[in-house]
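S.K.: pasting the sequence and the predicted coordinates here, then a few questions.
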Amino acid sequence: MPSLKDIRRSIASVKNTQKITRAMKLVSAAKLRRAQDAITKNRPYAKKVQALVTNVSDGVKPGAHPLLTDRSNLEASEKTTAIVVLSSNRGLCGAFNSNILKSAGARRTACLTKGEQVKLIAVGKKATSYYNFRDIPVDEAHDCFTTKNALARSKQLARHLSELYVTGAIDAVDIVFNEFKSAMSQRSVVQGLLPIDPQKLLKDSNANAEEDESRGSGSAMLKDYVFDPGRQEILDRLVPMYLDVLVYRAALETIASEHGSRMSAMDSATNNASDLLSELSLQYNKARQASITRELLEIVAGAEALKNG
């Protein structure tokens, strides 16, 4: 049985840990609110850009823009798929990183099984260290997104992916991230970024328009546009902008999911620390009572020995 000193040391250690987990929970809660606000503000803009790209690309010839060019007809052995994995730099956020890495691993295995080449782009130190530990080659490694740099960094990443696609270094791009549902729920998503599919855009835009109309927003899609200076010039400007929006949205979802997952994990850790403190306090009281009882017995035994002697 541990001594009273050891139990007191354990109680002090658990109390200090509980202070840290409670502070991390509060910090993540504050950051989560800002991340949620950023997602809410970005959604109307993202929907409008998607609707514009859909309308402008409607009726254009296949391959009117390099990012719209479909290369699915390539042989599997000639195709290179880039998988962008959005993780965090730090841990202590529950299953946030493990869920992302599991989905990315499944997508990578599927590509390799078909005979495709895979280019891994790890965003966040957790993804980089995960692949390095398993001797899986990482083609590019970047720091994770934060609320302050998400917009600028997402534009840089989108431009870089566009260059790789246009030059033929890669033939498809998938991005893996956690989609934020609530502080208690996040869902791993594997989303295709490139090539941009006009048919899928049309389907998603119609679904968004119907949803907005059912809510009374009245944001039905407009079909009759007068293009100036021209459809192609506008398309050349809108398609890269839409890719920026897709990457930025994934970055915002990742940031919110990380803070939500960390807040839930730290809340559980704080509650577990309280339970552990209760157990240690009970153990300490029992040990202290046993020590007092033993001392009393020794005193009584000593008094009896003196009396009988």
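M.R.: Happy to help now that I have it.
S.K.: where does the stretch 101-250 of the chain have low pLDDT?
M.R.: For the stretch 101-250 of the chain, the stretches with pLDDT under 70 are 204-225, 227.
S.K.: can you give me the strands in it?
M.R.: Ranges of strands in the stretch 101-250 of the chain, per DSSP state E, counting those that start in this stretch, are 117-123, 140-142, 172-182, 185-194.
S.K.: including mean neighbour count and distance to residue 234, could those strands go into CSV?
M.R.: (Glycine included, C-beta is placed from N, CA and C.) Shown next, in CSV, are the strands of the stretch 101-250 of the chain (neighbours: other Cβ atoms under 10 Å; distance: least, Cβ to Cβ, whole Å):
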stretch, mean neighbour count, distance to residue 234
strand 117-123, 22, 30
strand 140-142, 16, 31
strand 172-182, 22, 23
strand 185-194, 18, 20
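S.K.: spit out the contact partners of residue 97.
M.R.: 87, 88, 91, 124, 126, 127, 130 (Cβ atoms under 8 Å, 6 or more residues apart in numbering).
S.K.: for it, give me phi and psi.
M.R.: When read as degrees, to the nearest 10, the backbone of residue 97 gives phi -70, psi -40.
S.K.: then residue 25?
M.R.: According to degrees, to the nearest 10, residue 25 has phi -60, psi -50.
S.K.: need the pLDDT of it.
M.R.: In the predicted model, residue 25 carries a pLDDT score of 90.
S.K.: before we move on, back to that, just the buried ones from the contacts of residue 97?
M.R.: 87, 88, 124, 126, 127, 130 (16 or more other Cβ atoms under 10 Å).
S.K.: and these, which two are furthest apart?
M.R.: The distance between the two most remote of the buried ones among the contacts of residue 97 (Cβ to Cβ) is 11.4 Å, for 88 and 130.
S.K.: hmm, back to that, JSON lines for the strands of the stretch 101-250 of the chain, including distance to residue 274?
M.R.: Shown next, in JSON lines, are the strands of the stretch 101-250 of the chain (distance: least, Cβ to Cβ, whole Å):
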{"stretch": "strand 117-123", "distance to residue 274": "36"}
{"stretch": "strand 140-142", "distance to residue 274": "39"}
{"stretch": "strand 172-182", "distance to residue 274": "24"}
{"stretch": "strand 185-194", "distance to residue 274": "24"}
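S.K.: between those strands, which gets nearest to residue 75?
M.R.: Judging the strands of the stretch 101-250 of the chain by Cβ to Cβ, what sits closest to residue 75 is strand 117-123, at 11.4 Å.
S.K.: can you pull out the helices in the stretch 151-300 of the chain?
M.R.: Secondary structure of the stretch 151-300 of the chain (DSSP state H, counting those that start in this stretch): helices located at 198-214, 231-308.
S.K.: wait, which of these is closest to residue 165?
M.R.: Of all the helices of the stretch 151-300 of the chain, it is helix 231-308 that lies closest to residue 165, at 9.4 Å by Cβ to Cβ.
S.K.: the closest one: how far from the chain's middle?
M.R.: Mean C-alpha position of helix 231-308 versus that of the full chain (Cα atoms, centre = their mean, to the nearest Å) differs by 21 Å.
S.K.: just say helix, strand or coil for the residue nearest to residue 172 when sequence neighbours are not counted.
M.R.: Distances taken as Cβ to Cβ, 6 or more residues apart in numbering place residue 81 nearest to residue 172, at 4.6 Å, with adjacent residues excluded. Assigned with DSSP: H, G, I helix; E, B strand; the rest coil, residue 81 falls in the strand class.
S.K.: over to the one 3 residues further on?
M.R.: Here residue 84 is recorded as strand under three-state DSSP.
S.K.: grab the nearest non-local neighbour of residue 249.
M.R.: Excluding the flanking residues, the one nearest residue 249 by Cβ to Cβ, 6+ apart is residue 46, at 5.7 Å.
S.K.: I'd assumed residue 245 was in contact with the one you found.
M.R.: Yes: with contact defined as Cβ atoms under 8 Å, residue 46 counts as touching residue 245 (4.9 Å).
S.K.: more neighbours, those two?
M.R.: Higher neighbour count among residue 46 and residue 245: residue 245, with 21 against 17, using other Cβ atoms under 10 Å.
S.K.: from residue 105, how far out is the more buried one?
M.R.: Per Cβ to Cβ, to the nearest Å, residue 245 is found 27 Å from residue 105.
S.K.: cool, and residue 79?
M.R.: For residue 79 relative to residue 105 (Cβ to Cβ), the value is 19 Å.
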